[in-house]
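Undergrad: Structural data only, the sequence is not supplied:
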């Protein structure tokens with residue numbers, strides 16, 4: 001009887017272990033953590049000149065911005081500065097959206113003037 005109980009215990013333990021996920025060996029655990037936290041190439045910062053070119057290209061390719069004069073300048077201090085003038089708030093929002101989506105976590109400084117607004121009218125006087 002004692003052997004029967006021990007046999008059942010061993011079989012049930014083996015069945016449970018077969019269902020449990022395998023953990024890496026202790027020496028491999030540290031390597032796994034280091035790999036998980038290491039930045040991927042996509043997460044590495046894009047050089048300012050490259051990012052500036054990407055934003056400028058996207059602004060020029062955008063159909064709604066064809067009549068605008070928006071320019072982007074990316075500074076090494078992690079900021080993107082938008083300058084120029086647009087005819088509508090819709091154009092303004094699209095330019096800001098493009099720069100923000102490509103700029104990632106960089107600070108966005110918006111210096112775009114929307115023609116025909118009260119601010120523009122007061123500047124012309």
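TA: Ah, there it is. Just so it is clear, the structure is predicted and the values come from calculations on it, not from any experiment.
Undergrad: Show me what stretch 92-110 is in contact with.
TA: The contact list for stretch 92-110 (C-beta atoms under 8 Å, 6 or more residues apart in numbering) reads 46, 51, 54-55, 58-59, 62, 64-65, 68, 70, 72, 74, 78-82, 86, 112, 114. Every residue, glycine included, has its C-beta placed from N, CA and C.
Undergrad: how about a cut-off of 10 Å?
TA: Under the contact criterion C-beta atoms under 10 Å, 6 or more residues apart in numbering, stretch 92-110 has outside partners 43, 45-46, 48, 51-52, 54-59, 61-65, 68, 70-75, 77-86, 88, 112-115, 117.
Undergrad: so of those residues, which ones are in strands?
TA: 71-75, 79-86, 112-114 (DSSP state E).
Undergrad: I'd say residue 75 and residue 48 touch.
TA: Yes: when contacts are counted by C-beta atoms under 10 Å, residue 75 is listed as touching residue 48 (6.6 Å).
Undergrad: Those two: which has the busier surroundings?
TA: Using other C-beta atoms under 10 Å, the more surrounded residue of residue 75 and residue 48 is residue 48, with 17 against 13.
Undergrad: so how far is residue 64 from the closest residue to that one other than its chain neighbours?
TA: Using C-beta to C-beta, 6 or more residues apart in numbering and skipping the chain neighbours, the partner closest in space to residue 48 is residue 74 (4.3 Å). Here residue 74 is placed at a distance of 22 Å from residue 64 (C-beta to C-beta, to the nearest Å).
Undergrad: Show the residue spans covered by the helices in this structure.
TA: Taking DSSP state H, the helices of the chain run over residues 2-19, 26-37, 48-61, 89-103, 118-124.
Undergrad: now for the third one, which elements pack on it?
TA: Counting by 3 or more C-beta pairs under 10 Å, 6 or more residues apart in numbering; DSSP states H and E, the packing neighbours recorded for helix 48-61 are strand 71-75, strand 79-86, helix 89-103.
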